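Q: Requesting a structural model of the entry that follows:
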Amino acid sequence: MNSNRSREDRNASQEPGGSSAPIASGERLDLATIRRAVSSVPLPRLQNVLVLADVTSTNDVARTLIDKMIADESDLGRTLVVALRQTAGRGRGGRPWKSGKGNALAMSLVSMDRQAASRVRIPVEAGVHMARALSSAFGIDVRLKWPNDLLSRGRKLGGILVEVRTSAGEDGVAYLIVGVGLNITSSAGDFEREELPFATSLALELAAAGAGKSTESALADILSMFDGLLTEPLSDLADAFEAVTAHARGAHLTVRDGPRMLSGTYLGLTKDGFLRLKTSAGEESILSGDVVIL
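A: From the prediction side, this is the model:
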C-alpha cells in the first residue's frame, strides 16, 4: 500500500495563482497555496502528504489511517496530514484547539513507533525539533514550554499533541501520531476576539522581527520540518531541551499534574524528558502535566 508523495484534496476550490508578497497577519490561507507549497519542497522521507480542507481534527484522520493499516496488515509509510480547518481539535488535557478561519494550520505526522522504551521521550523530542526548526527557518526565537508548547516572545505560537496507536496481539505494531497546530496568519484582533491574550502567530512574529517571507515559502518551510521529524533520536534530550527551553534554571514553576498542583524550583529534565522540580517534600520527576502561567 506504499505510494509516492500522494496527495488528497477535499472540498477544494480553484484559487488564483500565488503571490510573492510577505506573509501578513489577517491574511487567509487557502488550499491552492498549501498545495503549491507541498509541490515546491523536497520531502524524501514522507511517502504521503494528504491536504484536506475540513476535518474534525488531523489526529482523527491519522487514527483512521492507522486503523486501516492495522486492519489491512499494510503500511502506508510516513504520512503527513495537513488541514486548513479543523472543527473538533484537541490539545493537551482535552482542551479545544480549532482552526476554522484559514489563519492556522493543523498537521499530524503518522510514523511507525520506535522501541517502546523510548516512547516517553517523544513529546519533548518533537517539541525540541519544532522549536529549533522554526527558529532556524524564520529567524525568530522560538522557545519550548515543557512539555511541548511553542512560544515566541512569551506568547503561544503553537502546540503539539502526541498519541500512540497499537495493534492487538503480543507482537502488536505501534504507530506514533505527532499532531502540531501552528498559528500562521492570525492578527492581534483575531486573538482579542477569541479571548486568547497570550497567543501569537507566525505573521505577527515575523513582522516584529522585521523579517519578510511569502506565505507559500513559509508554508514550504513548515512542511519540510516534518520530513525530518523523529528520524534521528536526540542523544542528550535534557541538554537539547535546555538549549530551547522557556524556563530559567532555578526559576519557581507551578505544574498541574492531573489533579495535583506542584510548585518548586526548576532543575531541568531527566534523560527521558521528565520535568525535575525541587519541592518542599524533595525532588519530584514529573512525566506529564502543564506548567501553569500565573
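Q: Residue 181 contacts residue 105, correct?
A: Yes. With contact defined as Cβ atoms under 8 Å, residue 181 reaches residue 105; the gap is 7.3 Å. From N, CA and C alone the C-beta is placed, and that goes for glycine too.
Q: Can you list the low-confidence ranges for the stretch 51-200 of the chain?
A: Residues of the stretch 51-200 of the chain that meet the criterion pLDDT under 70 lie in 89-100, 114-117, 168-172.
Q: mind listing the helices for it?
A: 58-72, 122-138, 188-193 (DSSP state H, counting those that start in this stretch).
Q: closest to residue 261 out of those?
A: Residue 261 sits nearest to helix 122-138 of all the helices of the stretch 51-200 of the chain, at 20.5 Å, using Cβ to Cβ.
Q: Tell me if I'm right that residue 188 and residue 25 touch.
A: Yes. Between residue 188 and residue 25 a contact is recorded at 7.1 Å, counting by Cβ under 8 Å.
Q: Can you give me every residue that contacts the closest residue to residue 26 other than its chain neighbours?
A: Once flanking residues are discounted, residue 26 sits nearest to residue 187: 4.3 Å by Cβ to Cβ, 6 or more residues apart in numbering. By Cβ atoms under 8 Å, 6 or more residues apart in numbering, the contact set of residue 187 is 25-26, 103, 201, 203-204.
Q: and which of these is nearest residue 54?
A: Closest approach between the contacts of residue 187 and residue 54, by Cβ to Cβ: residue 103, at 14.8 Å.
Q: For that closest one, give me its contacts.
A: Shown in contact with residue 103 (Cβ under 8 Å, 6+ apart): 26-29, 183-187, 190, 201.
Q: now do 7 Å
A: By Cβ atoms under 7 Å, 6 or more residues apart in numbering, the contact set of residue 103 is 28-29, 183-186, 190.
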